[in-house]
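Q: A structural model of the following input is requested.
(one chain, ligands or ions: 1)
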Amino acid sequence: MKLILFSKALLFIGIFGLAPRILAARSDGCADLRLSKQTLRSTSTGLTSVWVFSEKDFSQGPFVPSSTAEKSHIQWVRQRTSWSSRENLRNGIRIRQKTVNQLPRLDVFRLSLERDIRNLSKVINGSIGRIRPLRCIEGLAFREYLRIADLRSHPQEFQAIFMEKDGVIAMLGDFYRKKPSDIVGTMPSAATLKYKAQLEQKGWVFHAHLHNHPFDFTNTYGDIGGSLAPSDPDLEIYLSQKPRYALITNGIETIEIPQKDFSKFERAK
Ligand SMILES: [Zn+2]
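A: I've put the predicted structure just below:
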């Protein structure tokens, strides 16, 4: 039944003829994953691609980094910090607390930092979302991005939108290399937005939003990036577009935030 649904989905989204194939090597722990890929748009700086797989494969994991680029990225991070993602968030709180202590009680910036601290604390104590190791799909998306962008040169982000129908998932991924002068962050490409709208018309539902928060060891305040908590713009996207899940990864761990938790974050006033 699942295979029939899978084939119907391929036909539905126009890539019938591409047989589902085992994509990943056994060494990354994702050998059972059946995945079909099609490039929607390709430029000199990257590509937008559609990946199709079953809903159960969405949760398959854990992903074991195995390519040279993945190992180099982890080594680059580990040579600079041994913090877990939770310890990294605690560092974010310490940095904000230092500034809070220097500002008047009702200062607007102080109030926004105190709000950040409360939000980060909720992530650390597990009352919002769940921090966990990378799963296969997130790892393979991160691998795709490392083929295109070297995150060690400057912080850069990819993003992916997951649509679901009848137990089949289509991932629309935007993997583009950014210039150091570009604003850090990422928006869906026009190709992805058009494809998403077409799928929605056919009854597909916004299942998940994935993007990465890159590490950055150049910050003079000691913020090392890779923070597994949504920014205010991330939160606006989650609240307005309502994916079932929001996923943010730093290539080592991922935070998974279910839709019911989006409103638990205090928002900017
Ligand atoms: Zn973000």
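
Q: Give the burial count for the closest residue to the ion within the stretch 151-269 of the chain, as a bare number.
A: Residue of the stretch 151-269 of the chain nearest the ion, by CB to the ion: Asp234 (4.1 Å). No exception for glycine: its C-beta is placed from N, CA and C like everyone else's. Asp234 has 19 neighbours, counted by other CB atoms under 10 Å.

Q: same question, the one 5 residues further on
A: Neighbourhood size, Leu239 [other CB under 10 Å]: 15.

Q: did I read that right, it in a strand?
A: No - the assignment for Leu239, made by DSSP: H, G, I helix; E, B strand; the rest coil, is helix rather than a strand.

Q: Which helix or which strand is home to the most centrally placed residue in the chain?
A: When CA atoms, centre = their mean is applied to the chain, the residue found nearest the centroid is His211 (2.5 Å). His211 belongs to strand 205-212 when assigned by DSSP states H and E.

Q: so what strands line up beside that strand?
A: Looking at strand 205-212 with DSSP bridges, its partner strands are strand 159-165 (antiparallel), strand 245-249 (parallel).

Q: contacting residues for the most far-flung residue of the chain relative to its centre?
A: Most distant from the centre of the chain: Pro104, at 36.2 Å, with distances by CA atoms, centre = their mean. Contacts of Pro104 were listed using CB atoms under 8 Å, 6 or more residues apart in numbering, and they are Arg110.

Q: circling back: test my guess that the residue of the stretch 151-269 of the chain closest to the ion contacts Pro243.
A: No - counting by CB atoms under 8 Å, Asp234 sits too far from Pro243 to count as a contact (11.2 Å).

Q: Mind listing residues that contact the helix or strand harbouring Leu193?
A: Secondary structure assignment for Leu193, by DSSP H and E: helix 190-201. With contacts defined as CB under 8 Å, 6+ apart, helix 190-201 is touched by 13, 40-41, 48, 50, 161, 163, 165, 170, 172-174, 188, 206.
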